[in-house]
Structure formats: C-alpha cells, structure tokens
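J.: Test case, fold it:
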Amino acid sequence: MSDFSDFIELIHTTRDKQLLEDLLIGVTTVQERAAIVRRVEIIKRLIAGTPQAEIAKELGVGIATVTRGSKELSQGRFAILRKHS
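T.: Below is the predicted model of the structure:
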C-alpha cells in the first residue's frame, strides 16, 4: 500500500462488515476511533444547522475543530452524511 487512495480502495473492496470492522480497529487506536466518531457527530450537527459554538461546547471540542469540519462541509465533502440526514 503506497498511498491513501490504496487504503480507500481496500476499504471500498471490503464488503463484509466484520472484516471492515476488524481492519479499522486494527489500524486505529481507541482514541482515534473516538475522534472519528466525534468528527462525524460534528458534521451531522453542522448539517442540522446547530451553531458552531454550541457544537464545540456540547461535544467538548475546540471551536477550531468544528470550524475545520464546517470548512470541509462548505467544500462539498460529506455527501454521504448529507444524504442520510
């Protein structure tokens, strides 16, 4: 595996939920998994229209973390989350 696109391809081809969970748990720490979950929650709340300061306070993250998510959202990322909101 030479770059991030190879990793994406590996995830994409891993259709079995158990195998995908095994892969992602194997390559992340407990803290990294918690951070991913928090970041997804930030995006969901931004999509729902929750103010950034409120998100930061409720989730116990810095405003810069929320702003980063907002910036990515404004660049058209997270289509999957928009689709499911």
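
J.: switch to C-alpha atoms for all contacts and neighbour counts from now on
T.: Fine.

J.: Pull the contacting residues for T50.
T.: T50 makes contact with no residue, according to C-alpha atoms under 8 Å, 6 or more residues apart in numbering.

J.: Mind checking what secondary structure it has?
T.: What DSSP: H, G, I helix; E, B strand; the rest coil gives for T50 is coil.

J.: pLDDT wise, what is it at?
T.: Predicted confidence (pLDDT) for T50: 98.

J.: Distance-wise, check it relative to H84.
T.: Distance of T50 to H84, computed by C-alpha to C-alpha, to the nearest Å: 17 Å.

J.: what bits of the chain have low per-residue confidence?
T.: Counting by pLDDT under 70, the chain has low-confidence residues at 1.

J.: ranges for the helices of it?
T.: 4-13, 17-27, 30-47, 52-59, 63-74, 79-83 (DSSP state H).

J.: export these to a markdown table and tack on mean neighbour count?
T.: Output for these, formatted as a markdown table (neighbours: other C-alpha atoms under 10 Å):
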| stretch | mean neighbour count |
| --- | --- |
| helix 4-13 | 11 |
| helix 17-27 | 12 |
| helix 30-47 | 15 |
| helix 52-59 | 15 |
| helix 63-74 | 15 |
| helix 79-83 | 10 |
